[in-house]
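A.B. asks: Sequence first, predicted model second:
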Amino acid sequence: MIELQTRPVAQPDTFSRPARPAAEIMRVSNLGVRFATKSGIVEVVRDASFTLHAGETLALVGESGSGKSTLARALNGQICPPFTPVRGEVTGRAEVLLDRGALDLVRADSATMRKVRAHDIAMISQDALSGLNPVLSIAWQMTEALRVAEPRLPKAEALARAAALLADVELPDPAGALRRFPHQFSGGQRQRIMIAMALARRPRVLIADEPTTALDATVQSQVLRLLKRLQRQHGMAVIFITHDLVVVSRIADRVAIMYAGEIVELTDVARFRRAPRHPYTAGLLASRPGYGGSYPPLTGYAPSIRALPVGCAFRSRCPRAEAACALPVASAEAGRDSLRCWRPL
């Protein structure tokens, strides 16, 4: 069953986008993630490639189970953390271009990745309540986030900066908020706190894993505007994971469409809305309420990641499928765009 959200939002699409992307900050090439299970090797992400520029927002879009969050966690070094029973492997390359030089995140050791998460790449999750410790005050958690990046930061300065960060994310009464606990805030306020904690590290890349899914339309719009303002203010790149097509149109500069572990189309948001080339992308857009075009909406289900068909994984649901679609298909690239399809639109 399709689980893509298309709910209305409170404000029109008024976000401004840069006319030209800034310097490249991340380069991902043929990234794969696979896990060893009792039934054999399961490839959750296969052959993912894209670039990310400073100040740019890349949306990772797809149905539940398409590999969006797994791809993001691979970039953040969070595949199979210590003490988990699942054994996983990340392949390919994922270079982040830092002031101190290029670093391949795939081959970096755990100590290096801790430094990367402390200074360069931050992540916020869908459920802000589970991301905050319920028995610790916001002051303790905010200052801890600051001290991860700056271990010798004095307590008084850490508290002052924590209050400033909460003010920056437009949380009412920042000083009072520091004395409170997570359960004393609304869902939207907790998400603002999580954003403030991520910004405490002054990251070059912010990974936002469906941060507005649990919020109502009005609060969602406020959080999206806040993220765009902070992105412009700090110059960071954002990888925004979502299955909400309205959010994609509002916040993204570029869109990577994922299906069954593969990026099947990568393009700018204008082409995504106006002239998608992959039949799956067109089917997503046709599945929106009120769609007035002639392309058929999606039917059926995505294949199990444990038993993927040879060739195009979408072919059993594709109205344009033919015999050639049973053959392996490579990603064709044109500039920063890419497409993985035998019969594109």
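C.D. replies: Ah, there it is. Everything quoted here is computed from the prediction, not taken from an experiment. Numbering: from 1, shown residues only.

A.B. asks: Do a quick rundown of the helices in the stretch 151-300 of the chain.
C.D. replies: Listed in chain order, the helices of the stretch 151-300 of the chain (DSSP state H, counting those that start in this stretch) span 155-168, 174-178, 187-199, 217-234, 245-251, 269-274, 279-286.

A.B. asks: Only C-alpha atoms, please: export the last one in CSV.
C.D. replies: What it means is helix 279-286. Output in CSV follows, covering the C-alpha atoms of helix 279-286 (Å, rounded to 0.1, in the frame of the first residue of the first chain):
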residue,chain,number,x,y,z
PRO,A,279,7.5,6.2,-14.7
TYR,A,280,7.7,5.7,-10.9
THR,A,281,8.2,9.4,-10.3
ALA,A,282,5.3,10.2,-12.6
GLY,A,283,3.2,7.6,-10.8
LEU,A,284,3.9,9.2,-7.4
LEU,A,285,2.8,12.6,-8.7
ALA,A,286,-0.3,11.0,-10.3
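
A.B. asks: For that helix, buried residues please.
C.D. replies: For helix 279-286, burial by neighbour count (16 or more other C-beta atoms under 10 Å) applies to 279, 280, 281, 282, 283, 284, 285, 286. Where C-beta positions appear, they are placed from N, C-alpha and C, glycine not excepted.

A.B. asks: hmm, back to that, can you list the helices of the stretch 151-300 of the chain in JSON lines and add distance to residue 104 and mean pLDDT?
C.D. replies: Converted to JSON lines, these look like this (distance: least, C-beta to C-beta, whole Å; pLDDT from 0 to 100):
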{"stretch": "helix 155-168", "distance to residue 104": "31", "mean pLDDT": "95"}
{"stretch": "helix 174-178", "distance to residue 104": "38", "mean pLDDT": "96"}
{"stretch": "helix 187-199", "distance to residue 104": "23", "mean pLDDT": "92"}
{"stretch": "helix 217-234", "distance to residue 104": "25", "mean pLDDT": "90"}
{"stretch": "helix 245-251", "distance to residue 104": "28", "mean pLDDT": "91"}
{"stretch": "helix 269-274", "distance to residue 104": "29", "mean pLDDT": "95"}
{"stretch": "helix 279-286", "distance to residue 104": "30", "mean pLDDT": "95"}
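
A.B. asks: other SSEs contacting the lowest-mean-pLDDT helix or strand in the chain?
C.D. replies: Using mean pLDDT, DSSP states H and E, helix 128-131 stands out as the lowest-scoring helix or strand of the chain, at a mean of 80. On a contact count with 3 or more C-beta pairs under 8 Å, 6 or more residues apart in numbering; DSSP states H and E, helix 128-131 meets helix 187-199.

A.B. asks: now what about whichever strand or helix holds residue 122, what contacts it?
C.D. replies: If you go by DSSP states H and E, residue 122 is part of strand 121-124. For strand 121-124, contacts defined as C-beta atoms under 8 Å, 6 or more residues apart in numbering pick out 72, 75-76, 78, 96, 117, 131, 191, 194-195, 198-199, 201, 203-209, 211.

A.B. asks: What of stretch 302-318?
C.D. replies: Against stretch 302-318 from outside (C-beta under 8 Å, 6+ apart): 37, 39-40, 42-44, 63, 65-67, 259-262, 264, 279-280, 283, 298-301, 321, 325-329, 340-343.

A.B. asks: can you list the domains in the protein?
C.D. replies: 1-120+206-345, 131-202 (automatic domain parsing).

A.B. asks: looking at these, which has the lowest confidence?
C.D. replies: Mean pLDDT is lowest for domain 1-120+206-345 among the domains of the chain, at a mean of 87.

A.B. asks: All the strands of the protein, in order from the start?
C.D. replies: For the chain, applying DSSP state E gives strands covering 24-37, 40-53, 57-61, 87-98, 101-104, 121-124, 205-209, 237-242, 254-259, 262-268, 332-334, 337-339.

A.B. asks: Check which helices and strands the fifth one is in contact with.
C.D. replies: In this structure, strand 101-104 makes packing contacts with strand 87-98, judged by 3+ C-beta pairs under 8 Å, 6+ apart.

A.B. asks: which parts of the strand it packs on are buried?
C.D. replies: Of all the residues in strand 87-98, those buried under the rule 16+ other C-beta under 10 Å are 88, 90, 92, 93, 94, 95, 96, 97.

A.B. asks: so how far is stretch 29-44 from its chain's centroid?
C.D. replies: Offset of stretch 29-44 from its chain centre (C-alpha atoms, centre = their mean, to the nearest Å): 20 Å.

A.B. asks: What residues sit buried inside it?
C.D. replies: So for stretch 29-44, counting by 16+ other C-beta under 10 Å, buried means 31, 32, 33, 34, 35, 42, 43, 44.

A.B. asks: What lies in contact with it?
C.D. replies: Residues contacting stretch 29-44 (C-beta under 8 Å, 6+ apart): 45-49, 67, 70-71, 74, 79-80, 86-95, 106, 261, 305-306, 308.

A.B. asks: For it, list the C-alpha coordinates in PDB.
C.D. replies: What follows is stretch 29-44 as a C-alpha-only set of coordinates in PDB (Å, rounded to 0.1, in the frame of the first residue of the first chain):
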ATOM      1  CA  SER A  29      29.500   7.300  -5.600                       C
ATOM      2  CA  ASN A  30      28.000   3.800  -5.900                       C
ATOM      3  CA  LEU A  31      27.100   3.600  -2.200                       C
ATOM      4  CA  GLY A  32      25.600   0.300  -1.100                       C
ATOM      5  CA  VAL A  33      24.400  -1.000   2.200                       C
ATOM      6  CA  ARG A  34      23.800  -4.700   2.900                       C
ATOM      7  CA  PHE A  35      23.000  -6.800   5.900                       C
ATOM      8  CA  ALA A  36      23.700 -10.400   6.800                       C
ATOM      9  CA  THR A  37      20.500 -12.100   7.800                       C
ATOM     10  CA  LYS A  38      19.600 -15.800   8.500                       C
ATOM     11  CA  SER A  39      18.200 -16.000   5.000                       C
ATOM     12  CA  GLY A  40      21.300 -14.500   3.400                       C
ATOM     13  CA  ILE A  41      22.600 -11.100   2.300                       C
ATOM     14  CA  VAL A  42      20.000  -8.400   1.900                       C
ATOM     15  CA  GLU A  43      21.000  -5.300  -0.100                       C
ATOM     16  CA  VAL A  44      19.000  -2.400   1.300                       C
END
